[in-house]
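# structure for this input, please:
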Amino acid sequence: MFSLRVAHDSPYLRPNRLGDVLAAVQTMAVYGRYRVTCRTWADRISGDSGRADFWRKIFEEHPEFFRRSSYEDNYSLILRRAQPRRFHRGNREILTDDEYDALSEEDKKDVSRPPLSEAQIKILTDIAINLHARALEASRDWRWWVAPALSFGGSFVGAMLAFVAAAKFGKG
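The predicted structure follows:
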């Protein structure tokens, strides 16, 4: 389904990362526009537009959810970006193809991609929680080899010392 980076490199292991990803997913899933600048997302998600660099890093480190737009410094939620551009923000309704085609070019500026449904948001939050849990599990899995490696290392050093001692103090 999803592949994890090397466990110690997973961004999910950074402090408060899961909470930040969940906050971004939820905000970006329902905001009136599906793509805006990092500065706007920072204001919408955390109430501080000065944290744009912080949120840009979150978006860049989690390509499983977020993508940079072709517009400068604009980011969007991938699932929302995949929706058809038929949501009239002013009327808060989905337009049919005929209704969209009948709009003037000026009115088409009020058409965007629709907010995600509660079910879609739940799927994304569940994925984030599962990826976080898998990263934690993988970060703990490395410990199984410590005892055998230390045992092997100790045995190897002991054997080498015995070999050197035998060579130096053996028949001679």
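# if I pick the spatially most central residue of the chain, what's in contact with it?
Closest to where the C-alpha atoms of the chain average out (Cα atoms, centre = their mean) is H62, at 2.5 Å. With contact set as Cβ atoms under 8 Å, 6 or more residues apart in numbering, H62 has these partners: 11, 21. Any C-beta I mention is one placed from the backbone N, CA and C, and that applies to glycine too.
# please report phi then psi for it.
phi -130, psi 70 (degrees, to the nearest 10).
# over to N16?
Per degrees, to the nearest 10, the backbone of N16 is at phi 60, psi 10.
# ok, G32 next?
phi -60, psi -40.
# can you pull the pLDDT of W41?
The pLDDT attached to W41 in the predicted structure is 98.
# ok, it touching W55?
Yes - with contacts defined as Cβ atoms under 8 Å, W41 counts as touching W55 at a distance of 5.2 Å.
# common neighbours of these two, please.
24, 75.
# for F66, give its distance to L150.
Counting by Cβ to Cβ, to the nearest Å, the gap from F66 to L150 is 41 Å.
# between those two, point out the one with more neighbours.
Taking other Cβ atoms under 10 Å, F66 and L150 do not tie; F66 has more neighbours (22 against 10).
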